[in-house]
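S.K.: compute the structure for the input listed below.
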Amino acid sequence: MDTSLRPATKTPVRSLLAFAGVFLVLYVFAVVIAERSVGRAGTETAFQKLLAARGARVDWLVLGASHALPLDYGDVPARLQQDTGQSMMVLAETGAGPLYNRFVLEQALLDLDVKHLVYVIDSFAFGDEEWNQARISDRALLRQTPLRLSTARILADLSFRYEAGLKGLLDYLTGFSKLNPVNRFPQEGWRGAANFDRRFRPSRHAVAARISYLYPEGALRADIVEYYLDTLDRLFDLAIAEGVKVMVIKLPVPNAFLDALPDEAGFDASLRARLNSRGIPLHDLSQVLRDPALYFDTDHLNRDGVETLYRDHLRDLIAPE
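M.R.: Below is the predicted model of the structure:
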């Protein structure tokens, strides 16, 4: 019988396997290039800073959300080093709640010799998953998070423990966001470093819009606040177990912004109760700088504001004479 006309059955399978193999090799090559050019190229994010500073001694590690970032923009770490010989590293991130800050702290305790932790507190960060679970799986942050086994382990643990889902972990392990930019076209948004030297003109409409963004549900729900205060407690437990001394600070904001915060007194009372039980000091500096000219937007210090804060308040808290 002539078998030359029989359909081949193995060739398509072999072709598919060959194609898959070539695709895998090319993908891995692209991920390696993206990891070097995007994930490890800068020192913009907390995890990029940690990779660059491995093995360093840090006297003061600063965690928190965007209110802490002007300390970095205003060269407070360099000023502190010059004035006292003590080192400081600011690892805050925009919109970072206690869960994301725990993510950062766990890596920092592996990479650095940390002596003191300064946690800059913001009540909004305790009110929603948006500032916590969503941040540890945020593509924009994962894009600039260097691929490391230790980071992957921490991310996996937090993803399962806090029910954040596997999307962020898979993105991180596959390098998807490093290959696929989150925003292909520039969008208007918060530009802290670029606006740092500006002075804000008071606007009740701008304040109302900012409060609506940070507190989308209005008043904070007590059960959610307690849940994330528990998360903060565990963050402090990790630090204390490593011999790190902890300090909590509320940084200054303009009066118009402070007055618009929903039930800030209630949040402060819950926070103080937690801190007092651990002997952790809370330094409330929220009202020490009232002049709107010291801010570049509704609630972030500008260069003059950071200079005033450091000179009149912060330096004495960190390194009293």
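S.K.: once you drop chain neighbours, what's closest to Ala52?
M.R.: Thr43 (5.4 Å; Cβ to Cβ, 6 or more residues apart in numbering). C-beta here means a position set from N, CA and C on the backbone, and glycine is covered the same way.
S.K.: you'd agree that neighbour is up against Lys49?
M.R.: Yes: with contact defined as Cβ atoms under 8 Å, Thr43 counts as touching Lys49 (5.1 Å).
S.K.: spatially central residue in the chain, please.
M.R.: In the chain, the residue lying closest to the centroid (Cα atoms, centre = their mean) is Glu93, at 3.0 Å.
S.K.: mind checking which of Thr43 and Lys49 has more residues around it?
M.R.: Comparing Thr43 with Lys49 by other Cβ atoms under 10 Å, the one with more neighbours is Lys49, at 19 against 14.
S.K.: surely the more buried one and Met88 touch.
M.R.: No: Lys49 lies out of contact with Met88 (Cβ under 8 Å); the separation is 11.8 Å.
S.K.: distance of the residue nearest to the centre of the chain relative to Trp131?
M.R.: 10 Å (Cβ to Cβ, to the nearest Å).
S.K.: and for these two, which residues touch both?
M.R.: When contacts are counted by Cβ atoms under 8 Å, 6 or more residues apart in numbering, Glu93 and Trp131 have Ala65, Tyr100 as shared neighbours.
S.K.: does Thr45 touch Thr151 like I think?
M.R.: No: look at Thr45 against Thr151 with Cβ under 8 Å: they stay out of range, at 11.5 Å.
S.K.: need the overlap of contacts for those two.
M.R.: Thr145.
S.K.: can you show me the CA trace of whichever helix or strand Leu50 is part of as PDB?
M.R.: Assigned by DSSP states H and E, Leu50 falls within helix 46-52. Only the C-alpha atoms of helix 46-52 are listed here, as PDB (Å, rounded to 0.1, in the frame of the first residue of the first chain):
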ATOM      1  CA  ALA A  46      11.700  51.700  47.600                       C
ATOM      2  CA  PHE A  47      12.800  48.300  46.200                       C
ATOM      3  CA  GLN A  48      15.200  49.900  43.700                       C
ATOM      4  CA  LYS A  49      16.800  51.900  46.600                       C
ATOM      5  CA  LEU A  50      17.100  48.800  48.700                       C
ATOM      6  CA  LEU A  51      18.800  46.800  45.900                       C
ATOM      7  CA  ALA A  52      21.300  49.600  45.500                       C
END
